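A.B. asks: Sequence and predicted structure, then a few things I'm wondering about:
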Amino acid sequence: MTTTDTVSHVPVQPRDKTMGMPRHHMLIFACLFVFMLVAPFLLYPIFLMKVMCFALFAAAFNLLLGFGGLLSFGHAAYFGSASYISAHAAKVWGLTPELAILCGTGTALVLGIVIGSLAIRRQGIYFAMVTLAFAQMVYFFSLQAEFTGGEDGIQAVPRGELFGLLNIQPDRVLYYFVLAITFGGVLAIYRIIHSPFGQVLKAIRENEPRSISLGYHVNRYKLAVFVISATFAGLAGATKALVFQLASLTDVYWTMSGEVVLMTLLGGMGTVFGPLLGAGIIVAMQNYFASFGAWVTVMQGVIFVLGVLLFREGIVGVIAQRIKKPL
Amino acid sequence: MFELLGIPPQALFGQLLLGLINGAFYAMLSLGLAVIFGLLNIINFTHGAQYMMGAFVTWMLLNYFGIEYWYALVLAPLIVGATGIVIERLMISRLYHLDHLYGLLLTFGLALIIQGLFRNEYGISGMSYRPPELLAGGHNLGFMYLPNSRLWVIIASVVVCFGTWFVIEKTKLGAYLRAATENPTLVGAFGINVPRMITLTYGFGVALAAFAGVLAAPIYSVNPNMGESLIIVVFAVVVIGGMGSILGAIITGFGLGLVEGLTRVFYPEGSAVVIFVIMAIVLLIKPAGLFGRAA
């Protein structure tokens, strides 16, 4: 007998769980992991690494929007600033890749605390506008600062040697490092969603006044989830800088903030696997339709409009409704 | 010639004039956002794209049909406003029962579509619009040179802003509008067609953005990206001013334009971010905005 047996309102019965995770979630994660292990032998590794970075970025964003109920329109700020700092750390300071990524992620964390503590002072639509405006400020800073290289960005970032031992210059080697980071990140986010902290977030999202009257310090929870989300977005951005060996203005521009919203909306906000799928679809679309130029922007706009009007649950959300199981 | 704090007066007044013109655009655009938000409860992310459409329609009217600037001043807002009405009827009206955030996402998608289409057709280099003869030349005021085209932008925007304020605050139509903002159900019960009023309000807000676009056509280059960074600054202006007050939106718009102009004189590096810094300070001191009511 486990302790969860006594808590009757927990929707998932303990016998359906393996290691604290519903069995079908475990199965999907396992399948994904096995697929990603062999994928670089079937598909172009750089493309796959790009998908993984954006999947982590979208999962981090979804933690804030889908579970915290907060729409940030400026997540490019954390993704991009982490990308710049990790590129700078690897190239100019000559740090090993794991330390460079740590520097980038730390920057996103600090930035998340600063912007988050200001942004949570407003709600709803204003929150979205405030985060967007601050992200634009980070963009202007990146445009003018010396170390970011302006329009050129930071190019030829060395991938270096992991812990000073393992050379991760070859794509296939780097691939497994990125896989470890992405999977670690996504599982950590999964854990946060299903923790007591995640349950409180859900309560705040559903009914903020009641959560306050129950004695929760709502703003502390909002700030905490904002900072966690910014940090994981930073982890994704910092990793991306090593994959492409480039940090550029694209990473901090508002279009990047829009893309991560789109990925989450398309896959299904508030689902575990939706953002991952959404990231895969959008990155594939950009990859294979790159020659169409501005039509890609038009297509993204069309997906946005159709998504909002017809498929608000997203692809994974619709599947979850069909099979009547949370995904 | 006198000097002020080591700054030559030509530079100072020149930048103040530029600031005032930017402020005119901030005021017109934030006014449109505030009017739309008041009744529809959505933030119109398409606003920047609709401003750009206003400028493009002006350019097309002259280059494809030979229609002069002065006619475009009326025609372009009508045309773009009509597209706004179509958008409201077909799409936005389906979202009123949902969370406000969906309106933001929908209009964001629409902005991407419109900008992408214009970028495909006209590229990103931008085109120049030949100003009408009346706006060529200028006045020498002794301490600075004032081009007619810029003087016109300021006059036109002030007239339009205060015209809007007058209609909303002082007329019967405006009274209906303000009543519907407070309680749409009750206003509907008095026999006023609220859905039609919502549609026309959206059309009006969009027309206001397009009017700003017409004013921008002769003084800025007409290009598909002209609205995208402007709209983010306007969002910051709206957060600073708060959307509760029409007069507040106008004053905040002009005021922040001037502050930006002054920053360009005394600390040019900071001019791009000064409005965002002010936004941060306002959020710290008065989170509801300078003219806003606490939500």
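C.D. replies: Arrived safely, thanks for sending. Numbers count the residues shown, from 1 in each chain, chains lettered A, B, ... in the order given.
A.B. asks: okay, CA-based contacts and neighbour counts for the rest of this
C.D. replies: Fine.
A.B. asks: anything in stretch A:116-133 near chain B?
C.D. replies: Yes: interface with chain B: stretch A:116-133 contributes A:118-119, A:121-122, A:124-126, A:129-130, A:132-133 (CA under 8 Å from any CA of the partner chain).
A.B. asks: Only the buried subset of those, as a ChimeraX command please.
C.D. replies: Selecting only the buried entries of those in ChimeraX, with 16 or more other CA atoms under 10 Å in any protein chain shown as the criterion:
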select /A:118,119,121,122,125,126,129,130,132,133
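A.B. asks: For the chain, name the helix or strand with the lowest mean pLDDT.
C.D. replies: In the absence of a named chain, chain A is used. The helix or strand of chain A with the poorest confidence is strand A:17-18; it has a mean of 67 (mean pLDDT, DSSP states H and E).
A.B. asks: nope, chain B please
C.D. replies: Across the helices and strands of chain B, mean pLDDT, DSSP H and E gives its lowest value to strand B:138-140, namely a mean of 80.
A.B. asks: returning to what we had before: tell me the strands beside the following helix or strand past the least confident helix or strand of chain A, with direction?
C.D. replies: Remark: after strand A:17-18, the chain's next helix or strand is strand A:21-22, criterion DSSP states H and E. If you go by DSSP bridges, strand A:21-22 pairs up with strand A:17-18 (antiparallel).
A.B. asks: Test my guess that residue A:249 contacts residue A:153.
C.D. replies: Yes: proximity of residue A:249 to residue A:153 meets the contact threshold set by CA atoms under 8 Å, at 6.5 Å.
A.B. asks: Contacts for the least confident helix or strand of chain B, please.
C.D. replies: Contacts to strand B:138-140, defined as CA atoms under 8 Å, 6 or more residues apart in numbering or on different chains, come from residues B:145-149.
A.B. asks: can you give me how far the helix or strand containing residue A:299 is from the chain middle?
C.D. replies: Taking DSSP H and E as the definition, one finds residue A:299 inside helix A:295-309. On the basis of CA atoms, centre = their mean, to the nearest Å, helix A:295-309 sits 20 Å off its chain's mean C-alpha point.
A.B. asks: For residue A:146, what is the enclosing helix or strand?
C.D. replies: Since the elements are taken from DSSP H and E, residue A:146 ends up inside neither a helix nor a strand.
A.B. asks: Look up how far chain B lies from it.
C.D. replies: For residue A:146, the distance to chain B equals 12 Å [CA to the nearest CA, to the nearest Å].
A.B. asks: Distance of that residue relative to residue A:84?
C.D. replies: 12 Å (CA to CA, to the nearest Å).
A.B. asks: out of the two, which sits in the more crowded spot?
C.D. replies: The residue with more neighbours, out of residue A:146 and residue A:84, is residue A:84; 29 against 9, by other CA atoms under 10 Å in any protein chain shown.
A.B. asks: The more buried one: what secondary structure?
C.D. replies: At residue A:84, secondary structure determined by DSSP: H, G, I helix; E, B strand; the rest coil is helix.
A.B. asks: residues touching the nearest residue to residue A:61 once chain neighbours are set aside, list them.
C.D. replies: Spatially, and ignoring its direct neighbours in sequence, residue A:61 is nearest to residue A:229 (6.0 Å; CA to CA, 6 or more residues apart in numbering or on different chains). By CA under 8 Å, 6+ apart, the contact set of residue A:229 is A:60-61, A:63-64.
A.B. asks: Which member of those residues is positioned nearest chain B?
C.D. replies: residue A:64 (13.8 Å; CA to the nearest CA).
A.B. asks: Point out the residues in chain B that sit beside chain A.
C.D. replies: Residues of chain B lying near chain A by CA under 8 Å from any CA: B:42-43, B:91, B:94-95, B:100-102, B:104-117, B:119-120, B:232-233, B:235-236, B:239, B:272-273, B:276, B:280, B:283-284, B:287-288.
A.B. asks: Helices along chain B, start to end?
C.D. replies: B:9-40, B:47-65, B:69-90, B:100-122, B:148-170, B:172-182, B:184-189, B:194-219, B:228-241, B:246-266, B:274-285 (DSSP state H).
A.B. asks: Send me the helix or strand harbouring residue A:108 as CSV with only the CA atoms.
C.D. replies: Using DSSP H and E, residue A:108 sits in helix A:97-119. Backbone C-alpha positions of helix A:97-119 (Å, rounded to 0.1, in the frame of the first residue of the first chain) are rendered in CSV as follows:
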residue,chain,number,x,y,z
PRO,A,97,31.2,23.8,-23.0
GLU,A,98,29.4,22.8,-19.9
LEU,A,99,30.7,25.9,-18.0
ALA,A,100,29.7,28.1,-21.0
ILE,A,101,26.2,26.7,-21.0
LEU,A,102,26.1,27.2,-17.2
CYS,A,103,27.1,30.9,-17.7
GLY,A,104,24.4,31.4,-20.3
THR,A,105,21.7,29.7,-18.2
GLY,A,106,22.7,31.8,-15.2
THR,A,107,22.3,35.0,-17.2
ALA,A,108,18.8,34.0,-18.2
LEU,A,109,18.0,33.2,-14.6
VAL,A,110,19.1,36.6,-13.4
LEU,A,111,17.3,38.3,-16.3
GLY,A,112,14.2,36.3,-15.4
ILE,A,113,14.3,37.6,-11.8
VAL,A,114,14.7,41.2,-12.9
ILE,A,115,12.0,41.2,-15.7
GLY,A,116,9.8,38.7,-13.9
SER,A,117,9.6,40.8,-10.7
LEU,A,118,8.5,43.8,-12.7
ALA,A,119,6.2,42.0,-15.1
